[in-house]
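Asks: mind folding the following:
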Amino acid sequence: MIDSKAVSPSLGVEFTGVTDPLDDTFVHRCVEALKWRGVLVVRGLHLDDGQQLAFSRRLGEVVALRGQEIFPISINPAKSASAKYLKGAFFWHLDGTSDDVPVKATTLTARHVATVGGGTDFASTYAAYENLPVKDRERYESLRVVHTFEAAQRLVTPDPTPEELAGWRSPTMATLCRLRT
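Replies: Okay, here's the model as predicted:
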């Protein structure tokens with residue numbers, strides 16, 4: 001029996017009891033939950049790469065990053081060729097910021113969980129905006145925020161080499177197993 005519960009008042013749904021992530025009913029529930037709650041947590045699936053891709057494809061079009069449909073997330077260079085690049089994502093990031101339209105979703109599967117730290121937090125900018133006082137909303141409604149890969153990297157490498165800077169400004173910089181809207 002699949003059960004679901006809200007993770008917080010405005011963000012996230014946690015599913016438990018999922019045995020088949022490709023089940024039509026479950027996939028439909030996930031699509032609806034993503035639309036209204038933004039974040040899904042499905043505990044205990046232990047998906048391999050093929051299963052993660054199959055599930056992701058049921059939610060939408062998978063977008064490759066640097067030619068990879070599955071992108072390893074690790075700051076250990078032995079586990080990820082992008083370890084140095086990933087350090088800039090520790091403060092905050094939004095997947096797909098180099099795309100004209102941000103990605104619909106990113107699927108993550110925890111394979112090796114850190115014993116200390118390593119937490120992943122999520123935020124709803126919709127909920128944050130809706131909870132602002134009206135005066136603040138009016139003040140911010142005409143502003144446009146631009147998140148760049150370069151800005152995130154400068155938090156960990158404030159004085160980049162010209163080569164690093166050119167790479168950060170490359171149009172190919174984005175993130176993970178991502179789905180088009």
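Asks: biggest helix in the protein by residues?
Replies: helix 24-37 (DSSP state H).
Asks: which element, helix or strand, includes the residue positioned nearest the centre of the chain?
Replies: Note on the chain: the residue nearest the mean C-alpha position is T106, at 4.4 Å, using Cα atoms, centre = their mean. Here T106, judged by DSSP states H and E, is contained in strand 105-107.
Asks: then A152?
Replies: Short version, using DSSP H and E: A152 is in helix 149-154.
Asks: I'd like the mean pLDDT over that helix, please.
Replies: On average, the pLDDT along helix 149-154 is 84.
Asks: and it, what's buried?
Replies: F149, E150, A152, Q153, R154 (16 or more other Cβ atoms under 10 Å). (C-beta placed from N, C-alpha, C; glycine too.)
Asks: distance from the chain centre to that helix, please.
Replies: Distance of helix 149-154 from the chain centroid (Cα atoms, centre = their mean, to the nearest Å) equals 17 Å.
Asks: just name whatever secondary elements it is in contact with.
Replies: Counting contacts by 3 or more Cβ pairs under 8 Å, 6 or more residues apart in numbering; DSSP states H and E, helix 149-154 packs against helix 162-168.
Asks: just how off-centre is the helix it packs on within its chain?
Replies: With Cα atoms, centre = their mean, you get 24 Å for helix 162-168.
Asks: contacts for it?
Replies: Applying Cβ atoms under 8 Å, 6 or more residues apart in numbering, the external contacts of helix 162-168 come out as T148, F149, E150, Q153, T157, P160, M173.
Asks: again, 10 Å this time
Replies: Defining contact as Cβ atoms under 10 Å, 6 or more residues apart in numbering, one finds that helix 162-168 is touched by 84-85, 88, 148-154, 157, 159-161, 173.
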